[in-house]
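>>> any chance you can model this:
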Amino acid sequence: MRRWLPTWVVVGLGLLLNIVSALMTNFYIDDATQQANTLVQQQQNNDKLISVVWQQVETLERKREHIMTMLTVSDGAGDVIPAPVEAQLIKGLSDWIAQPPSRLRLATLPDVMTQLDTAQRTLRDKVDQLYLDNLRLVEIHGSKMEAISRMRNLALFLQVIGLAMVLARDLNRRDYAYASVSKKR
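Model (predicted):
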């Protein structure tokens with residue numbers, strides 16, 4: 001003689017599995033998805049910052065070329081850079097280098113170029129660090145998405161098993177109906 005679990009136990013387990021699946025989706029999976037979205041936002045912010053910092057590197061390069069051109073032209077003409085132009089060039093440099101020269105001359109050019117090199121190197125290092133941070137964020141995001149995928153699959157599995165157990169009630173009724181019809185014959 002076969003011993004079956006009471007139908008209400010099977011249905012109760014099925015409902016319990018569906019509730020666990022819903023709780024997993026509501027709490028864990030949604031939270032993990034939100035964390036993954038935050039990682040993507042951080043990557044996008046880093047990409048924007050990389051673009052801005054790289055523009056600063058290019059700006060410094062243009063300043064370098066401009067100063068060299070001005071000094072070359074003025075030296076070639078045997079003249080000095082006009083005072084108002086020189087003041088503007090020095091003012092523009094003061095935003096980028098720690099010790100701008102008091103006068104722009106060929107003699108001060110090596111020091112200015114060294115300071116511009118240092119500023120560019122610092123900016124490039126910042127770009128490199130942001131890029132490495134993005135690589136780390138991509139790796140974390142990938143592992144987070146794998147975990148989310150596994151949890152979604154588990155939640156779906158629990159839901160399907162739970163629904164099958166709930167449907168067992170209907171199958172059990174059909175079996176009883178079939179058994180009672182068979183006994184009457």
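>>> give me the below-cutoff pLDDT ranges for the protein.
By pLDDT under 70, the weakly predicted segments of the chain are 1-4, 171-185.
>>> pull the longest helix from it.
helix 109-184 (DSSP state H).
>>> P84: what's it in contact with?
By C-beta atoms under 8 Å, 6 or more residues apart in numbering, P84 lies in contact with nothing. Quick note: C-beta positions are derived from backbone N, CA and C, even for glycine.
>>> host element of it?
helix 83-94 (DSSP states H and E).
>>> what comes up buried for that helix?
Neighbour-count burial for helix 83-94 flags E86, L89, I90, L93 (criterion: 16 or more other C-beta atoms under 10 Å).
>>> ok, and the closest non-adjacent residue to the first one?
Meaning E86. Nearest non-adjacent residue to E86, counting by C-beta to C-beta, 6 or more residues apart in numbering: L104, 5.2 Å away.
>>> checking the one you found next. Helix, strand or coil?
Classification of L104 using DSSP: H, G, I helix; E, B strand; the rest coil returns coil.
>>> could you measure it against M113, distance?
Computed as C-beta to C-beta, to the nearest Å, the L104 to M113 distance reads 12 Å.
>>> these two: which is more packed in?
Set L104 next to M113 and count neighbours by other C-beta atoms under 10 Å: L104 wins out with 22 against 13.
>>> what sits against the residue nearest to L167 when sequence neighbours are not counted?
Closest residue in space to L167, ignoring its immediate chain neighbours: G14 at 7.9 Å, by C-beta to C-beta, 6+ apart. By C-beta under 8 Å, 6+ apart, the contact list for G14 reads I161, G162, L163, A164, M165, V166, L167, A168.
>>> hang on, the earlier thing: now for the longest helix of the chain, which elements pack on it?
Contacts defined by 3 or more C-beta pairs under 8 Å, 6 or more residues apart in numbering; DSSP states H and E place helix 109-184 against helix 7-23, helix 30-76.
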